[in-house]
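J.: got a sequence here, can you model it:
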Amino acid sequence: MRPYPAAFAEMLHCTLLGQLRNRMALLLAVAFIPAWIAVARLCASDQEVRFSLDSLGTQAVSQASHVSQVVNALAAVTLVTGFVTFMETFKAGEMDRRLLLAGYPRVPMLLAKVTAVALIAALLALYTVAVLGASVPVRQLGPLALGLFGAGLAYGGIGLLLGSLVRGELEGFFLVIMLSLVDTGLQNPVFTVVDLSGLEVLPLYGANQLTLAAAFTSGTPWSHSLLSLAWAAATSAAALLVFHIRTRSHCAVGAAATGVPAPVTAAGPPEAAVRTSLRRSR
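T.: Model (predicted):
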């Protein structure tokens, strides 16, 4: 039987392994991000645009093509992270419920998934900074990477929540796409001709302010990085709540059918059985 640290390590290992075996996820990560940045470079003009940065209380000026590339990079990270996290959570849902019925602890399971989201978001942020830096004269690479990482965390948490909440893949894909398009579209300085109120409640507000400030100014609104962390924490907590409610009822039904009390301890199934079950589910 297995304690929390061992259960966490095993679930993290199998989750990351499942992501590596997901060819669609690898294709999105490697090809979609540079392609979406290239679309902005080809379609946007070189005309200068002036836009406000509320986080710094100032205005910035840059070419429309450069601004569009930064915004498209942000959108690409959110879409890839949201898609990848949603697909993994949704497809592993049934196997996760079986593991819980066998005694696998809930908290290490979800913490492993959140940790996997953070690792994926970090890798995507570094990759996107490298691609973006080749075509845009970025002023601050470190804060830019932090902003992209925050965007990945926020939409990774949303992917976790949707994967635990929706009943079908189509609904999850639609929600990820529409939320990302609306979120980035309303905050794109090239398209937005008037100052809109209420943008602070959007998942990408903090990440958008941080990335634009890092790319085109020498100032860094560090506090805005906390907004993305808040979104990631809130959506992950909501995913844990939904997962707990659904798996609790599932375990209760399974226990009633078998006549065996539902497991409530932190101990889990033997390591070999858990590893085999998880890998088969991927």
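
J.: ranges for the helices of the stretch 1-150 of the chain?
T.: Per DSSP state H, counting those that start in this stretch, the stretch 1-150 of the chain carries helices over the ranges 4-20, 23-27, 33-43, 64-91, 93-101, 106-133, 141-165.

J.: right, and the ones you listed - which one's nearest Ile177?
T.: Closest of those to Ile177 is helix 64-91, at 7.0 Å (criterion: C-beta to C-beta). For every residue, glycine as well, the C-beta is placed using N, CA and C.

J.: just give the nearest non-adjacent residue to the residue positioned nearest the centre of the chain, would you?
T.: Per C-alpha atoms, centre = their mean, the C-alpha nearest to the average position across the chain is that of Gly156, at 1.8 Å. Spatial nearest neighbour of Gly156, chain neighbours left out: Val117 (3.5 Å); criterion: C-beta to C-beta, 6 or more residues apart in numbering.

J.: what does Pro221 give?
T.: Per C-beta to C-beta, 6+ apart, closest to Pro221 is Ser55, 3.5 Å.

J.: roughly how far apart are that neighbour and Trp222?
T.: Look at Ser55 and Trp222: by C-beta to C-beta, to the nearest Å, they are 9 Å apart.

J.: so what pLDDT did Val264 get?
T.: Turning to Val264, the model gives it a pLDDT of 42.

J.: just for the stretch 101-250 of the chain, where's the confidence low?
T.: 193-195, 248-250 (pLDDT under 70).

J.: swap the cut-off to 90 and go again
T.: Counting by pLDDT under 90, the ranges of the stretch 101-250 of the chain that qualify are 101-111, 113, 133, 135, 164-170, 185-201, 225, 228, 236-237, 239-250.

J.: so what's the residue count around Leu181?
T.: 13 (other C-beta atoms under 10 Å).

J.: now it: how far from Thr81?
T.: In terms of C-beta to C-beta, Leu181 sits 15 Å off from Thr81.

J.: returning to what we had before: between Ser55 and Trp222, who's got more neighbours?
T.: Ser55 (21 against 12).

J.: show the contacting residues for the more buried one.
T.: Gln209, Leu210, Ala213, Pro221, Ser223, His224 (C-beta atoms under 8 Å, 6 or more residues apart in numbering).

J.: buried only: go through those residues for me.
T.: Buried residues within these, defined by neighbour count using 16 or more other C-beta atoms under 10 Å: Gln209, Leu210, Ala213, Pro221, His224.

J.: format these as CSV; extra columns: distance to Leu160 and secondary structure.
T.: Shown next, in CSV, are the buried ones among the contacts of Ser55 (distance: C-beta to C-beta, whole Å; DSSP: H, G, I helix; E, B strand; the rest coil):
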residue, distance to Leu160, secondary structure
Gln209, 24, helix
Leu210, 22, helix
Ala213, 28, helix
Pro221, 27, coil
His224, 22, helix
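
J.: quick check: the farthest pair among these?
T.: Maximum distance among the buried ones among the contacts of Ser55 (C-beta to C-beta): 8.2 Å, for Ala213 and His224.

J.: so Thr78 touches Tyr155, yeah?
T.: Yes: if you go by C-beta atoms under 8 Å, Thr78 and Tyr155 touch, sitting 4.2 Å apart.

J.: so which of the two has more stuff around it?
T.: Legend: neighbour count by other C-beta under 10 Å for Thr78 and Tyr155, higher for Tyr155 (35 against 29).

J.: for the more buried one, what are its contacts?
T.: By C-beta under 8 Å, 6+ apart, Tyr155 lies in contact with Val77, Thr78, Leu79, Thr81, Gly82, Thr85, Val176, Ser180, Pro203.

J.: show me the contacts for the spatially closest residue to Gly163 that is not a sequence neighbour.
T.: Nearest residue to Gly163, sequence neighbours excluded (C-beta to C-beta, 6+ apart): Thr89, at 2.6 Å. With contact taken as C-beta under 8 Å, 6+ apart, Thr89 is in contact with Lys113, Gly159, Leu160, Leu162, Gly163, Ser164, Ala239.

J.: Thr89 and His13, how far apart?
T.: Taken as C-beta to C-beta, the span from Thr89 to His13 is 17 Å.
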